[in-house]
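Engineer: Predicted model follows, preceded by the sequence.
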Amino acid sequence: MATGFYSHPVFLQHEMGEHHPECPDRLRAIEDQLIASRVDAFIEHRSAPGATDAQLALVHTFAFIADLEARSPAQGYAMIDPDTIMNPHTLDAARHAAGAAIAATDAVLSGELDNAFCSVRPPGHHAEPARAMGFCFYNNVAIAARHALEHHGLARVAVIDFDVHHGNGTEAAFRDDPRVLMCGIFQHPFYPYSGADCEAPNILNTPVPAYTKGEQVREIVETVWLPKLRTFAPEMVFISAGFDAHREDDMGLLGLVEADYAWITARLLEIARECAHGRIVSCLEGGYNLSALGRSVAAHLRVLAEG
Ligand SMILES: [Zn+2]
């Protein structure tokens, strides 16, 4: 048994212009840091397959899937919003990003892997059922979570989102779906300016103000998330693993460091072991300071791989 690490060369071909922070070097920085930190020796590299239309449609409307395909450029760029841009490889990369999360879910549920991390781009948690936004096209984690419910017959899954931004797309997919408990911590008020007023009983949003540090985040996880997760008893845990709440990441203004990501990962692993046979699938979301991103993913993966 092992920790899987899903990637694909097409993730490096999707790019949104020269100075865009959501860039191919993010994944290179992660892989470099895994080698430098020797975490690479403890993970099993796997290639991400592409998701089918039917799999994308677990979360997205067929009209949305067709509309994105129609707007995909043969050359140059096509702008979805000022920050969310397609090049000719974007939708292929996005399909493999969703496919990574699905394949990781299959491998963990079949017992081939203990857990898995999907080192993917584009990210997914801002993508709503009928809308691409915020660097995201298909909602990788939401698709995988619904795949676990629909195709593997799980009754309850948890979706954890610790990206600095609210996972509005994931919330839109699962609001009022009692099979899913979503726990999200994010800077507020901040892009995408949602999540602070959700009253759905299965959405546990814990917005925090700018300059919140790791100590306060740990206290929220300990006192608010963990009791609710234990009561819910998920059969599998999905993580929208954004690392842009790192104190060195200029995208946001929170103060987490590698040790905080390791601590949160360890707590989630405890929950997964208590309730879910240890089953965790984690997918990369944000994280834009290349050094901090690489170090944070290494810390996250070290806990997943060594427990
Ligand atoms: Zn983010």
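Structural biologist: Everything's here; your move. Numbering: from 1, shown residues only.

Engineer: by contact count, what packs against the helix ranked longest in the chain?
Structural biologist: In the chain, taking DSSP state H as the definition, the longest helix is helix 90-109. If contacts are counted by 3 or more Cβ pairs under 8 Å, 6 or more residues apart in numbering; DSSP states H and E, helix 90-109 sits against strand 3-7, strand 43-47, helix 53-56, strand 115-118, helix 140-151, strand 280-284. C-beta here means a position set from N, CA and C on the backbone, and glycine is covered the same way.

Engineer: The last one near the ion anywhere?
Structural biologist: Think strand 280-284. No - between strand 280-284 and the ion, judged by Cβ under 5 Å from the ion, nothing touches; the nearest distance is 10.4 Å.

Engineer: Pairing partners for that strand, with directions?
Structural biologist: With DSSP bridges as the test, strand 280-284 is paired with strand 115-118 (parallel), strand 237-241 (parallel).

Engineer: which residues are in contact with the shortest one?
Structural biologist: Residues from elsewhere that reach strand 115-118 (Cβ atoms under 8 Å, 6 or more residues apart in numbering): 3-7, 43, 46, 48, 97, 100-101, 104, 107-108, 140, 241, 269, 272, 278-284, 297, 300-301, 304.

Engineer: returning to what we had before: in JSON lines, list the helices and strands packed on helix 90-109 along with mean neighbour count and mean pLDDT.
Structural biologist: Converted to JSON lines, these look like this (neighbours: other Cβ atoms under 10 Å; pLDDT from 0 to 100):
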{"stretch": "strand 3-7", "mean neighbour count": "25", "mean pLDDT": "98"}
{"stretch": "strand 43-47", "mean neighbour count": "16", "mean pLDDT": "98"}
{"stretch": "helix 53-56", "mean neighbour count": "17", "mean pLDDT": "98"}
{"stretch": "strand 115-118", "mean neighbour count": "29", "mean pLDDT": "98"}
{"stretch": "helix 140-151", "mean neighbour count": "26", "mean pLDDT": "98"}
{"stretch": "strand 280-284", "mean neighbour count": "29", "mean pLDDT": "99"}
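
Engineer: nearest to Pro129, of these?
Structural biologist: helix 140-151 (8.6 Å; Cβ to Cβ).

Engineer: ok, longest strand in the chain?
Structural biologist: strand 180-187 (DSSP state E).

Engineer: Just the CA coordinates for that one, please, in CSV.
Structural biologist: C-alpha atoms of strand 180-187 as CSV (Å, rounded to 0.1, in the frame of the first residue of the first chain):
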residue,chain,number,x,y,z
VAL,A,180,-21.7,15.5,1.6
LEU,A,181,-20.3,17.5,4.5
MET,A,182,-18.1,20.4,3.2
CYS,A,183,-15.8,22.2,5.7
GLY,A,184,-14.1,25.3,4.3
ILE,A,185,-11.8,27.9,5.8
PHE,A,186,-11.0,31.0,3.8
GLN,A,187,-10.1,34.6,4.0
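
Engineer: quick one: the helices in the stretch 101-250 of the chain?
Structural biologist: For the stretch 101-250 of the chain, the helices defined by DSSP state H, counting those that start in this stretch occupy 140-151, 168-174, 214-220, 226-232.

Engineer: and Glu69, which of those helices is closest to it?
Structural biologist: helix 140-151 (16.5 Å).

Engineer: Regarding Arg279, what are the backbone dihedral angles?
Structural biologist: Here is the backbone geometry of Arg279 (degrees, to the nearest 10): phi -80, psi 120.

Engineer: For the closest residue to it other than its chain neighbours, give its distance to Leu204.
Structural biologist: Leaving aside its sequence neighbours, Arg279 sits nearest to Met236 (Cβ to Cβ, 6 or more residues apart in numbering; 4.5 Å). As defined by Cβ to Cβ, to the nearest Å, Met236 lies at a distance of 17 Å from Leu204.

Engineer: That concludes my questions; thank you for your assistance.
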